[in-house]
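J.: For reference, the sequence and a predicted model appear below.
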Amino acid sequence: MANITLETSTSRLVATLDGGGLLEFAARTNIGWQDVLRPASAAPQSPLDRALIIMAPWCNRIGDGGFEANGRFYPVRPNLPDFPLPLHGTAFQSHWTEERRTTDRLVLSRSSTTEAPFHYHPQVTYALTNNGLDAKLEVTNTGPEGMPFGIGLHPWFVATSHATLQFDAQSKVVIDTAGLPTHTTDAENAFSIATELPQNRIDNSFLNWNGTAVLNLGERTVTLQSDAPILHLFSPSSTAGFCCLEPTTAAPNHSNFKASTTPLLMPQQRVAVMMSINIHRN
């Protein structure tokens, strides 16, 4: 695994060319480095064992064996041995290339690829800031026809058992036991005020959110900001030690979920997602 480390006086990241994601993102404190994202294992056995993965050309799960577009059906096969449905795209399973690097900025890309039915070229930029991290994912459709691309960034945030989360959203996507959406419902102000993570599993996309999520860990506050239209929240339990706040352009199974469809990305068109993580001591 080829790793790249950037470090400033306030923050540090370790990126990997194996999937283009992050193995580590930490902030400096008066007692040393403190993880902001859950670090990957010393010897990761899974491409999901990361601090952050890149989701492209689809987000979360695809059901129904594939999707229909351009008047025909495109099959999509499962891409991970332990998951029965296609999950999180293929970008995080591919080898990336370092394009540019400075002391606080890194650009990675992957050559245009054909992974039926998608043809695409992804690029990600990571930049360390005074208070955290900026990330931007860009994906270009290099294929001959429009396709329903969905992209996103999937960070695992360190979370304590009494962490609180706050963001505003108009509606949420309800899923079945397979993790596929069934319908949308009013968000019911679920996290409109600072709320502890639920004791049990939560795995929902929140639509039309306000673009800012605040995770309060007691000794520090982590703020996520993004221009993505959807925030996907995943937490297996309040004691898991992490939660995932995933800014995405599409809901799970978006090509087959009529309540939240995604327009086709036409040939040579580009879609992008930006994300900022800021850390403040309380």
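T.: Nice, I can see it.

J.: Quick check: bridge partners of P155?
T.: L52 (DSSP bridges).

J.: how close does it sit to S226?
T.: Plainly put, P155 is 11 Å away from S226 if you go by Cβ to Cβ, to the nearest Å. Quick note: C-beta positions are derived from backbone N, CA and C, even for glycine.

J.: Give the residues shared as contacts by these two.
T.: Counting by Cβ atoms under 8 Å, 6 or more residues apart in numbering, the common neighbours of P155 and S226 are M275.

J.: Okay, helices next: where are they in the stretch 151-282 of the chain?
T.: Under the criterion DSSP state H, counting those that start in this stretch, the stretch 151-282 of the chain carries no helices.

J.: those strands in it, which residues are they?
T.: Assigned strands in the stretch 151-282 of the chain, in chain order: 152-158, 164-166, 169-175, 181-186, 195-196, 202-209, 212-216, 220-226, 230-235, 242-248, 270-281 (criterion: DSSP state E, counting those that start in this stretch).

J.: Make CSV out of those and add distance to S111, mean neighbour count and mean pLDDT.
T.: Output for those, formatted as CSV (distance: least, Cβ to Cβ, whole Å; neighbours: other Cβ atoms under 10 Å; pLDDT from 0 to 100):
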stretch, distance to S111, mean neighbour count, mean pLDDT
strand 152-158, 21, 25, 98
strand 164-166, 38, 19, 98
strand 169-175, 33, 19, 95
strand 181-186, 33, 15, 94
strand 195-196, 43, 14, 96
strand 202-209, 30, 20, 96
strand 212-216, 33, 20, 98
strand 220-226, 27, 20, 97
strand 230-235, 28, 24, 97
strand 242-248, 24, 24, 98
strand 270-281, 16, 18, 97
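
J.: I'd like these as TSV, with distance to T16 appended.
T.: Shown next, in TSV, are these (distance: least, Cβ to Cβ, whole Å):
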stretch	distance to T16
strand 152-158	14
strand 164-166	28
strand 169-175	30
strand 181-186	31
strand 195-196	32
strand 202-209	25
strand 212-216	24
strand 220-226	21
strand 230-235	21
strand 242-248	18
strand 270-281	18
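
J.: For I53, find the nearest of those strands.
T.: In terms of Cβ to Cβ, the element of the strands of the stretch 151-282 of the chain nearest to I53 is strand 152-158, at 4.7 Å.

J.: and the closest one with strand 242-248, angle?
T.: Strand 152-158 runs at 160 degrees relative to strand 242-248, counting by axes from the mean of the first three to the mean of the last three Cα atoms, to 10 degrees.

J.: For strand 152-158, which helices and strands make contact with it?
T.: strand 52-55, strand 132-141, strand 220-226, strand 242-248, strand 270-281 (3 or more Cβ pairs under 8 Å, 6 or more residues apart in numbering; DSSP states H and E).

J.: tilt between that strand and strand 230-235?
T.: Going by the same axes, to 10 degrees, strand 152-158 makes 30 degrees with strand 230-235.
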